[in-house]
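**Student:** have a look at this prediction, sequence included:
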Amino acid sequence: MWTAQWWWDLQACGIHKVTIAPVILASDKTQLSRFSGDKEAWPVYISIGNISKSVHHQTSKHVMILLGYCQRNPSRGHF
């Protein structure tokens with residue numbers, strides 16, 4: 001699955017010769033309140049997987065796009 005030939009073969013199987021773009025979803029916990037410290041959220045970002053590492057790791061290129069937030073209140077114990 002990780003070779004270029006596999007992707008070319010998969011695209012060739014399509015009826016209309018489609019292009020396949022892998023999607024990457026990423027999330028990481030962040031604190032929302034500096035004083036009480038009880039508010040947390042998980043921002044969810046989306047990107048496509050065919051961007052080179054040299055471009056993907058540069059924050060100035062804005063490769064990851066904020067999709068939304070998963071919010072959690074620790075006093076309730078769930079999302």
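**Tutor:** Received it, and whenever you're ready, just let me know what you need.
**Student:** contacts only, for the most centrally placed residue in the chain.
**Tutor:** The centroid of the chain falls nearest to L25 when counting by Cα atoms, centre = their mean (2.4 Å). By Cβ atoms under 8 Å, 6 or more residues apart in numbering, the contact list for L25 reads 44-46, 67. Bear in mind the C-beta positions are built from the backbone N, C-alpha and C, glycine included.
**Student:** and what of I24?
**Tutor:** 46-49.
**Student:** can you say which of those residues are buried?
**Tutor:** Buried residues within the contacts of I24, counting neighbours by 16 or more other Cβ atoms under 10 Å: S47.
**Student:** just the closest of the contacts of I24 to A12, please.
**Tutor:** G49 (19.2 Å; Cβ to Cβ).
**Student:** ok, so what distance separates the closest one from C13?
**Tutor:** Relative to C13, G49 is positioned 19 Å away (Cβ to Cβ, to the nearest Å).
**Student:** before we move on, back to that, quick check: the farthest pair among the contacts of L25?
**Tutor:** V44 and I46 (7.3 Å).
**Student:** anything in contact with each of these two?
**Tutor:** Contacts common to V44 and I46, judged by Cβ under 8 Å, 6+ apart, are 25-26, 67.
**Student:** how much space between the residue nearest to Q71 when sequence neighbours are not counted and V23?
**Tutor:** Leaving aside its chain neighbours, Q71 sits nearest to A41 (4.9 Å; criterion: Cβ to Cβ, 6 or more residues apart in numbering). Separation of A41 from V23 (Cβ to Cβ): 22 Å.
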